[in-house]
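A.B. asks: build me a model:
(2 chains, ligands or ions: 2)
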Amino acid sequence: MRGTFWVIEIINLHKSFNNHHVLCGANLRVERGETMVVIGGSGSGKSVLIKHVIGLLTPDEGSVVVDGVDISHLREKDLNEFRKKYGMLFQAAALFDSLTVWENVGFGLMQHTSLSKDEIWEIAKRKLEMVGLKGNEDLMPSELSGGMRKRVGLARAIAMEPEIILYDEPTTGLDPIMADAINDLIVEMKKRLNVTAIAITHDMVSAYKIGDRIAMLYDGKILEVGTPDEIKKSANPVVQQFITGSSVGPIRTV
Amino acid sequence: MFTKTITYIGRRTIDFTAEVGRGFIMFGHTLSWSIRPPFNLRNIFQQMEAIGVNSLPVVVIMAMFTGMVLAIQTYTGFKRFNAENFMGTVVALSITRELGPVLTGLIVAGRAGAAMAAELGTMRVTEQIDALVTLATNPIKYLVVPRFLAGFLMLPLLTAVADFIGIIGGYLIAVHLLDANPVIYIRMTTKYVELNDIYGGLLKAGVFGIIISTVSCYKGFYTQGGAEGVGKATTGAVVLSMMLVLIANYFLAALLFR
Ligand SMILES: Nc1ncnc2c1ncn2[C@@H]1O[C@H](COP(=O)(O)OP(=O)(O)O)[C@@H](O)[C@H]1O
Ligand SMILES: [Mg+2]
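C.D. replies: Ligands and ions are numbered 1, 2, ... in the order given. Model prediction:
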């Protein structure tokens, strides 16, 4: 088996913050073209996990290998070449609040391509249309609702036609209909551009809809990985408790 | 008890050293990114406006009243030994060498320094700085360099304005309130104040600009802990830049004006 068969490999990842051991030996392999959904309780380290995949955090131990290259030990210049292939949607959108909506969406294009301002505006407009925000190009982020911000963040993540997209809770805070539209968009991105994606979510409806496979993060490790059907039938009481959303079970709630 | 104290002192020393080190590393990166193209002129001009233009009214008022009070105080003092003629010289020297650059530095630290720390701090805690990184954009280059260059360029300019307004303020009070002879006042000002006095002051101002923007960007950039953290970073930035401006001022004066 060739090493490049898996596009993203997270190997024995350890990370702690001031003696708080968040990840303790997480392993996950994401295949090219697949959407991997990561589920897990709040504060279990899901965001920390995907921040390692784009080099925002460096592992204390272990590595993240993308297309056969260990990105956790790259120089910034080389890492940035990798990052141009990525799109990331942050949990709270992280829009630049000094820029308009379309400038947010076109930011990557502005920094890394020689496209004219008009061309970038056109692209930004098209991406905003895809997320259902036509006509909001010139608003400032502070004028948007939480759901709208998230969708602008999504438009920004897909603006550079990335090969890998990281979604940090793409549907949290959206109404069910909008959430479904975003799920459709994620599925469509995968079909149309053959993107590889890691999506974090609490929302099991979304997880089953967008995920080719689902991984459960628990106690700093990936507890179980499987297709949605396998996960639904999982014999692991922790997984069962989480996907059925019960307060009774082995997962500590306090 | 004894070991506890030692541990505490040791920990604080390590933290302090680490922070100073991190500050210098950031300063080094800022310098090296400052001279590497492409230059983000839009951001630089925006920051020059934020630091320079917006501080101008406060600086003008500060300089005007400082010049005026200097005239009154030197007049009262110098009259005691019949040296009122030197009023113009003393007012101009005090302003160009010391009060112009230092007070401008303190005002900019309070206004622009606080704004820089709060802005970068907010960008940090709302993950906007992380977002920049994921968009393959170096946040030092994009955020810190424009503020650094703007601080370095605008402080001498603001100081030049303060010098000019301060001297006018002194003149107005001396001539119109204290009945000084305008011809003598102007002659004593131009005769004994050398260009080096003015340049020295402007050079100091440039250094203050570097100190304020570096300290404030550093505090903002490494903010931790939500809205409360932003508040702490902002206060910390203002206090530390003011202290460093005053300390640096002494050493620069000792160096430049011996
Ligand atoms: N930069 C950081 N500094 C300190 N602690 C952090 C940092 N990032 C995350 N943590 C801690 O790591 C834990 C996991 O956080 P996170 O990955 O955001 O959880 P979630 O699974 O809800 O996304 C939390 O306890 C959080 O406080
Ligand atoms: Mg999270």
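
A.B. asks: please make it C-alpha for all contacts and neighbour counts, starting now.
C.D. replies: Will do.

A.B. asks: how does chain B divide into domains?
C.D. replies: B:1-36, B:47-256 (automatic domain parsing).

A.B. asks: please see if the longest one touches chain A.
C.D. replies: Yes: Domain B:47-256 comes into contact with chain A (C-alpha under 8 Å from any C-alpha of the partner chain), by way of B:123, B:126, B:127, B:128, B:130, B:131, B:133, B:134, B:135, B:136, B:137.

A.B. asks: mind giving me the packing neighbours of the longest helix seen in chain A?
C.D. replies: Longest helix in chain A by number of residues (criterion: DSSP state H): helix A:176-193. Packing partners of helix A:176-193 (3 or more C-alpha pairs under 8 Å, 6 or more residues apart in numbering or on different chains; DSSP states H and E): helix A:204-210.

A.B. asks: rerun at 10 Å
C.D. replies: Counting contacts by 3 or more C-alpha pairs under 10 Å, 6 or more residues apart in numbering or on different chains; DSSP states H and E, helix A:176-193 packs against strand A:35-39, helix A:117-130, helix A:146-158, strand A:164-168, strand A:196-200, helix A:204-210.

A.B. asks: next, the buried residues of the second one.
C.D. replies: By 16 or more other C-alpha atoms under 10 Å in any protein chain shown, the buried positions in helix A:117-130 come out as A:120, A:121, A:123, A:124, A:125, A:126, A:127, A:128, A:130.

A.B. asks: low-scoring stretches of chain B, by residue?
C.D. replies: Within chain B, the set of residues satisfying pLDDT under 70 comprises B:258.

A.B. asks: closest residue of it to ligand 1?
C.D. replies: Across chain B, the shortest distance to ligand 1 (C-alpha to the nearest ligand atom) belongs to residue B:224, at 7.7 Å.

A.B. asks: before we move on, back to that, which one, of the domains of chain B, ends up nearest to residue A:182?
C.D. replies: Ranking the domains of chain B by proximity to residue A:182 (C-alpha to C-alpha) places domain B:47-256 first, at 20.3 Å.

A.B. asks: who's in contact with residue A:82?
C.D. replies: A:54, A:55, A:66, A:67, A:69, A:71, A:74, A:76, A:164, B:134, B:136 (C-alpha atoms under 10 Å, 6 or more residues apart in numbering or on different chains).

A.B. asks: circling back to that earlier point, packed most tightly, which of the domains of chain B would that be?
C.D. replies: domain B:47-256 (a mean of 21; mean count of other C-alpha atoms under 10 Å in any protein chain shown).

A.B. asks: could you check how many residues crowd around residue A:71?
C.D. replies: Neighbour count for residue A:71, taken as other C-alpha atoms under 10 Å in any protein chain shown: 21.

A.B. asks: wait, isn't it in contact with residue A:65?
C.D. replies: Yes: the pair residue A:71 and residue A:65 qualifies as a contact (C-alpha atoms under 10 Å) at a distance of 5.9 Å.

A.B. asks: dump the residue contacts of the most centrally placed residue in chain B.
C.D. replies: Residue closest to the average C-alpha location in chain B (C-alpha atoms, centre = their mean): residue B:105, at 2.6 Å. Residue B:105 sits next to B:59, B:99, B:111, B:113, B:155-156, B:158-159, B:204-209, B:211-212, B:241-242, B:245-246, B:249 when contact means C-alpha under 10 Å, 6+ apart.

A.B. asks: list residues touching both of residue A:71 and residue A:65?
C.D. replies: Common neighbours of residue A:71 and residue A:65, counting by C-alpha under 10 Å, 6+ apart, are residue A:53.

A.B. asks: tell me which stretches of the stretch 101-250 of chain B form helices.
C.D. replies: B:114-125, B:128-134, B:139, B:145-172, B:182-192, B:195-221, B:226-256 (DSSP state H, counting those that start in this stretch).

A.B. asks: how far off centre is the fourth one?
C.D. replies: Read that as helix B:145-172. Here helix B:145-172 is found 10 Å from its chain centre; the criterion is C-alpha atoms, centre = their mean, to the nearest Å.

A.B. asks: sorry, back to before: which one of the contacts of residue A:82 sits closest to residue B:18?
C.D. replies: The closest of the contacts of residue A:82 to residue B:18 turns out to be residue A:76 (C-alpha to C-alpha; 21.9 Å).

A.B. asks: run a quick neighbour tally on the closest one.
C.D. replies: By other C-alpha under 10 Å, the burial measure for residue A:76, its neighbour count, is 15.
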